[in-house]
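**Student:** whatever this is, show me its structure:
(one chain, ligands or ions: 1)
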Amino acid sequence: MPALTDTFTLSNGVTIPQIGFGTWQIPDGSKTYDSVRTAIDAGYRHIDTARAYGNEASVGRAVRDSGVAREEIFITTKCPAEIKDAAGARHAFERSTAALDLGPVDLYLIHAPWPWNSIGSDHRAGNIEVWKVFEELYGAGSASAIGVSNFNVADLDSLAAPTSILPQVNQIRWFVGHTQPETTAYCHDRGILVEGYSPLATGRLLKSREIAAIAVKYGKSVAQVSIRYLLQKDILPLPKSTTPSRIRENADVDFELAPQDVAAFDALDAGGI
Ligand code: A2P
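**Tutor:** Predicted structure coming up:
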């Protein structure tokens, strides 16, 4: 399936498979292990995890047991949002790489500009300190690409001015009806790949009658047209499921939405869904 093997190219030339398998909220142990094994068997070659998900060890074990060569699988993990100092960032990276046990990571992200218990609080200086560690890790080849997550335009601006490497990725919440136009345009203008997490709005989109009316025209599911929409907007989708048939369904998106249907999805932003 080309959507699984096609790639985006990051600003540093690194290629990244266009659909990633998300593992947020998948419990450590057999749930994560089995889901990641199923995803890899289904052809996914990009797995997204985070220190905060607590499931890196199971992701790593699934990748090692998959029989697919390490270099064929793109692995993302993230530095916890609460860590805003250099020593903490170095330690978190060591713990992630030890848990994954897969060698260098392909992409390392700052999980959020602020700790989850104080969303919106100002950690500009801390983010710069952490980013300088990311630049070191990147320079040393410990991470092939570096980026951020949940950063808005102001967050990105305050990081860009005093540091030397622009993030190669910004992973944000992105789905039909929630397309973050300012952040997305800022990133696209600067060659920062936008990755979309919760592309199904954690399942909420599945109830949308507007999306269902479009899906039926293509003989596809609501999940499939919703995920396809991200690709047509140059956003890398990170769908997640623990159900094998859905894991396969979510990657079976080799069809083209007509411009009027993309426009209909765009319009859902204003009206909500
Ligand atoms: P499950 O894991 O039980 O299959 P998001 O990617 O936006 O976070 O959404 C994930 C949620 O959507 C999960 O609850 C998942 O349930 C559900 N889901 C994922 N893919 C599909 C699908 N193709 N059809 C229906 N539900 C899905």
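**Student:** and Ile83, that's in a strand?
**Tutor:** No. Looking at Ile83 with DSSP: H, G, I helix; E, B strand; the rest coil, it is coil, so not inside a strand.
**Student:** my read: it touches Phe93, true?
**Tutor:** No. The pair Ile83 / Phe93 is not scored as a contact, 9.7 Å apart, by CB atoms under 8 Å. Placement of C-beta: from N, CA and C, glycine included.
**Student:** now the strands: where do they sit in the stretch 101-250 of the chain?
**Tutor:** Using DSSP state E, counting those that start in this stretch, the strands of the stretch 101-250 of the chain run over 105-110, 143-149, 169-173, 193-197, 235-238.
**Student:** I'd like these as a markdown table, with mean pLDDT and distance to Glu136 appended.
**Tutor:** Formatted as a markdown table, the strands of the stretch 101-250 of the chain follow (pLDDT from 0 to 100; distance: least, CB to CB, whole Å):
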| stretch | mean pLDDT | distance to Glu136 |
| --- | --- | --- |
| strand 105-110 | 98 | 11 |
| strand 143-149 | 98 | 10 |
| strand 169-173 | 98 | 18 |
| strand 193-197 | 98 | 22 |
| strand 235-238 | 98 | 26 |
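**Student:** any chance of those in CSV, plus distance to the ligand and mean neighbour count?
**Tutor:** Output for the strands of the stretch 101-250 of the chain, formatted as CSV (distance: least, CB to the nearest ligand atom, whole Å; neighbours: other CB atoms under 10 Å):
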stretch, distance to the ligand, mean neighbour count
strand 105-110, 17, 26
strand 143-149, 14, 24
strand 169-173, 9, 23
strand 193-197, 7, 24
strand 235-238, 7, 25
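**Student:** among these, which is nearest Trp131?
**Tutor:** strand 105-110 (7.0 Å; CB to CB).
**Student:** direction included, what does that closest one pair up with?
**Tutor:** Applying DSSP bridges to the sheet, strand 105-110 is found paired with strand 74-79 (parallel), strand 143-149 (parallel).
**Student:** who's the residue of the stretch 1-150 of the chain found nearest the ligand bridged to?
**Tutor:** Closest contact between the stretch 1-150 of the chain and the ligand, by CB to the nearest ligand atom, is at Gly22 (5.7 Å). Residues in a beta bridge with Gly22, per DSSP bridges, are Asp48.
**Student:** tell me if I'm right that it and Leu236 touch.
**Tutor:** No. Applying CB under 8 Å, one finds Gly22 not in contact with Leu236, separated by 10.8 Å.
**Student:** contacting residues for the residue of the stretch 1-150 of the chain closest to the ligand?
**Tutor:** With contacts defined as CB atoms under 8 Å, 6 or more residues apart in numbering, Gly22 is in contact with 48, 197-198, 238-240.
**Student:** the same query, at a cut-off of 7 Å, please.
**Tutor:** 48, 197, 238-240 (CB atoms under 7 Å, 6 or more residues apart in numbering).
**Student:** now the strands of the stretch 101-250 of the chain as JSON lines including distance to Leu156?
**Tutor:** Putting these into JSON lines (distance: least, CB to CB, whole Å) gives the following:
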{"stretch": "strand 105-110", "distance to Leu156": "11"}
{"stretch": "strand 143-149", "distance to Leu156": "7"}
{"stretch": "strand 169-173", "distance to Leu156": "7"}
{"stretch": "strand 193-197", "distance to Leu156": "11"}
{"stretch": "strand 235-238", "distance to Leu156": "16"}
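**Student:** so for Val130, which of those strands sits nearest?
**Tutor:** Across the strands of the stretch 101-250 of the chain, closest to Val130 is strand 105-110 (CB to CB), at 5.8 Å.
**Student:** so how many other residues sit close to the closest residue to Asp106 other than its chain neighbours?
**Tutor:** Spatial nearest neighbour of Asp106, excluding adjacent residues (CB to CB, 6 or more residues apart in numbering): Phe74 at 4.5 Å. Around Phe74 there are 21 other residues, counting by other CB atoms under 10 Å.
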